[in-house]
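>>> Everything below, folded, please.
(chains A and B, ligands or ions: 3)
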2 protein chains.
Amino acid sequence: MAASIQSIKAGCRKVMCIGRNYADHIAELNSARPKQPFFFLKPPSSILLPGAGPVLRPRGVTMHYEVELGLVMGKTVRDLDPEDTKGAMDAIAGYLLAIDMTARNVQDEAKKKGLPWSIAKGFDTFMPVSNLIAKSRIPNPQNAHIWLSVNNEVKQSDNTELMLFRIPRQLSDISRVMTLEAGDIILTGTPKGVGPVKTGDIMRAGLKVDGKDIEEANLEVP
Amino acid sequence: MAASIQSIKAGCRKVMCIGRNYADHIAELNSARPKQPFFFLKPPSSILLPGAGPVLRPRGVTMHYEVELGLVMGKTVRDLDPEDTKGAMDAIAGYLLAIDMTARNVQDEAKKKGLPWSIAKGFDTFMPVSNLIAKSRIPNPQNAHIWLSVNNEVKQSDNTELMLFRIPRQLSDISRVMTLEAGDIILTGTPKGVGPVKTGDIMRAGLKVDGKDIEEANLEVP
Ligand SMILES: [Mg+2]
Ligand SMILES: [Mg+2]
Ligand SMILES: [Mg+2]
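Ligands and ions are numbered 1, 2, ... in the order given. Here you go, the predicted structure:
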């Protein structure tokens, strides 16, 4: 696979994200618990590379952070079986940590009117990412601890074992609808603790495996 | 610009589509007339090249056709002024005719629940395209006649002059949210006459300028 997050952004043709994949996050947004996973797209143009500056808050937008484990696909996948854990793992080339920035008021309005989420999720800079995390650094992606702080106050801190729909099921559901291609990115959902940030707030995020920080996952957005 | 529709698909990183952009189509779906345009993403993986086979109807899906004029972007655009017609035209590298296939029952369910449209719009093969249409072939994209037939019965046939939000406004609204990049595709909305197709139906579509068929726009999907 490509060696850098820069080349991942340059080659990315699709970012698919799962909604409501951690029970406590569903409760905090007063959302219905889905019987099956649902997904939405973010445009590759929303990816904000490490060191590329701040998240830009559009005028009138209430901007929320959602820290998520990201998967970088390494091969073409169609119609994956949801039980095919090996197939899912083989299709993943690496990981990243990402913040699925969301224009919450725009999204709330879209939900109310039955309109698409693409704008609420798709502004430029609305997907800060860490450096690429080598696959070997996360032996089990369902046992990684992800966290996010705002101005050094920890807001999100949970283990990926809490996902309602696990990674093979996610890749299965997506790949039954649309072909996954090498370089596509999947964001696997956010744990509880989402909230607003304003211009000037410093977001930091990271990922631990077995209690140890994975350095490449460290993310700081001014 | 790249010379073929194949290279357009290979390089495409974003397909943005406008909803409800022709008054009579809004009426037929009993939708509210938008005060401002709204947009959604289709994944590049949904593009079906000319001659690449049929549209695949997923089990249980009511599949609707929507014929649309497509714009292929030729340069990076940010924050375009809605009055900047020249800027908009300069940013367009060429055109295509496309069918924005829609899983209407999936979309209706998503609307009701306030969920994203990405799945309803994003299945593989859900964006049949014509060959690339050279920019010079359509001197005024707001005066082109687009049509679609199913089994030789004409279902859609209207002029792009009927768009509620014209192309510069569309590019302005999109580019104020997300950077448009060379190779991105914009679908400009569908006129009235959308409806279901089933497996085995033959869709044909085309585009006329000044009453004359533009050959590259001819689209046939078995
Ligand atoms: Mg999210
Ligand atoms: Mg959407
Ligand atoms: Mg459409």
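>>> hey, let's count contacts and neighbours off CA atoms from now on
Noted.
>>> Please point out which parts of the worst-scoring helix or strand of chain A on mean pLDDT sit buried.
The helix or strand with the lowest mean pLDDT-type score in chain A, counting by mean pLDDT, DSSP states H and E, is helix A:23-28 (a mean of 82). By neighbour count with 16 or more other Cα atoms under 10 Å in any protein chain shown, helix A:23-28 contains the buried residues A:Ala23, A:His25, A:Ile26.
>>> That helix: how far from the chain's middle?
Helix A:23-28 has its C-alpha centroid displaced from the chain centroid by 16 Å (Cα atoms, centre = their mean, to the nearest Å).
>>> cool, and stretch A:52-70?
12 Å.
>>> Just the mean pLDDT for that stretch, thanks.
Mean pLDDT, stretch A:52-70: 96.
>>> In contact with the residue positioned nearest the centre of chain A: list those residues for me.
Nearest to the mean C-alpha position of chain A, counting by Cα atoms, centre = their mean, stands A:Leu187 at 3.1 Å. Contacts of A:Leu187 were listed using Cα atoms under 8 Å, 6 or more residues apart in numbering or on different chains, and they are A:Val15, A:Met16, A:Cys17, A:Ile18, A:Glu68, A:Leu69, A:Gly70, A:Leu71, A:Ala98, A:Asp100.
>>> so which of the residues you listed is the most crowded?
Counting neighbours by other Cα atoms under 10 Å in any protein chain shown, the top entry in those is A:Ala98, with 29 neighbours.
>>> what helices or strands is the helix or strand hosting that residue leaning on?
A:Ala98 is part of strand A:92-99, with elements assigned from DSSP states H and E. Judged by 3 or more Cα pairs under 8 Å, 6 or more residues apart in numbering or on different chains; DSSP states H and E, the packing partners of strand A:92-99 are strand A:67-73, strand A:127-128, strand A:133-134, strand A:203-209.
>>> Run a quick neighbour tally on A:His112.
No His there; residue A:112 is Lys. Neighbour count for A:Lys112, taken as other Cα under 10 Å: 14.
>>> Contacts only, for it.
Contacts of A:Lys112 (Cα under 8 Å, 6+ apart): B:Gly114.
>>> That one - that's part of a helix, no?
Yes - with the criterion set as DSSP: H, G, I helix; E, B strand; the rest coil, the secondary structure at A:Lys112 is a helix.
>>> And the pLDDT for it?
96.
>>> thinking again about what came up before, which one of the helices and strands packed on strand A:92-99 lies nearest to A:Arg166?
Of all these, it is strand A:67-73 that lies closest to A:Arg166, at 11.9 Å by Cα to Cα.
>>> The closest one near chain B anywhere?
No - judged by Cα under 8 Å from any Cα of the partner chain, strand A:67-73 and chain B are separated, with a smallest distance of 14.1 Å.
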